[in-house]
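1. Sequence and predicted structure, then a few things I'm wondering about:
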Amino acid sequence: MAKLSFAQKLKKLFTRSAVDDDFFDEMTDALVEGDLGAKLAFTMTEELEQRCHEKKVKDEAGVVAELKVLLSAAAKPCTLTPERDKVSIFMLLGVNGVGKTTTAAKLARYYSTHGSRVVLAAADTFRAAAEEQLELHGERLGVRVVSHQHGGDPSAVVFDAAAAARASGGALVLADTAGRLHNKENLVRELQKIDRVASQKADAGCYKKLLVIDATTGQNAVRQAEVFNAAVGVDAVVLTKYDSTAKGGVAFTIGRELTIPVAFVCTGEHYENIAPFDAVSYADEFLGR
């Protein structure tokens, strides 16, 4: 049997409980199950209870409105706009299986349709068929792909992709990277090397590190954000596999506890299923409004 979403739990909560101490205890449980994590769930419920007490809010619409304010403030949006005629590099980070390569393709389409020249860099030289997968996306999208032989140096791929971007008069390099967290020490060293190359080859202020996370993995995604942020720093998150029925609270936790903003949300498999993150509409969907 499928688990109830937070929105469904919230609806049930209002049908069987007055807005009292028990109500807020149950709200905490619902927020934990909605993937906010215990610490933030307790904090947010305390803040919600205080706001409702101060404003004498006792009805469903009022409580939901106050919760929406808190959630919207926790999730931080972020707009990433490559500068025309400059070399920008967006390095995509994330563990295997979250959809990094597909996200790179979606971002390539998004930025191409918004007027940017784009180069895809196949810097995951370790996963079997990763380069071929990215090259197929590039062929379908009409976007150049820079790749080396399997097992090659990922930072050399980024170096060459940046050179190609420079030669074309400026472009956005989207670098797909490996995500072998089971071998964390080697992965960290590898990412730090790519990081050094990318920071040297991008124009000033034009290098960003985007962490791709699966919205359905909950607190595991928060741990991933902590690991990658400690290793190389994370400028923004891209949420994949998100829809309105997903638990989705991870965006609020990452925003509030790690102060990392969300840049994009992916809602399906097609290239066009990506959109800039909007904290208010995201909170609305989480609340089922």
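-> Alright, I've got the coordinates.

2. Now the element after the helix or strand that Val188 is a member of, going C-ward?
-> Element membership for Val188, per DSSP states H and E: helix 184-201. Going down the chain from helix 184-201, the next helix or strand is strand 207-214, by DSSP H and E.

3. List the buried residues in the helix or strand just after that next one.
-> For strand 207-214, the succeeding helix or strand toward the C-terminus, using DSSP H and E, is helix 219-231. Buried residues in helix 219-231, counted by 16 or more other C-beta atoms under 10 Å: Ala221, Val222, Gln224, Ala225, Val227, Phe228, Asn229, Ala231. The way it works is simple: take the backbone N, C-alpha and C, and place the C-beta from them, glycine included.

4. And the residue lying closest to Glu226 once chain neighbours are set aside, how close does it get to Leu40?
-> Leaving aside its chain neighbours, Glu226 sits nearest to Leu258 (6.8 Å; criterion: C-beta to C-beta, 6 or more residues apart in numbering). Distance of Leu258 to Leu40, given as C-beta to C-beta, to the nearest Å: 11 Å.

5. who's more crowded, the two?
-> Using other C-beta atoms under 10 Å as the criterion, Leu258 and Leu40 rank with Leu40 on top: 21 against 16.

6. list the contacts for the nearest residue to that one once chain neighbours are set aside?
-> In this structure, Leu40 finds its nearest non-sequential neighbour in Thr253, 5.2 Å apart by C-beta to C-beta, 6+ apart. Counting by C-beta atoms under 8 Å, 6 or more residues apart in numbering, Thr253 makes contact with Asp35, Leu36, Gly37, Leu40, Ala74, Gln219, Val222.

7. average pLDDT across stretch 32-50?
-> For stretch 32-50, the mean pLDDT works out to 93.

8. Show me what counts as buried in it.
-> By neighbour count on 16+ other C-beta under 10 Å, the buried set for stretch 32-50 is 32-37, 40-41, 43-45, 48-49.

9. from the residues you listed, which is closest to Val69?
-> Val69 has its nearest neighbour among the buried residues of stretch 32-50 in Leu48, at 9.2 Å by C-beta to C-beta.

10. where does this protein have low pLDDT?
-> Along the chain, segments meeting pLDDT under 70 span 1-3, 17, 181-183, 244-247.

11. for it, what spans make up the helices?
-> Chain-ordered helices for the chain, with DSSP state H as the definition, fall at 6-16, 21-31, 38-54, 60-74, 100-113, 130-141, 154-167, 184-201, 219-231, 250-258, 279-287.
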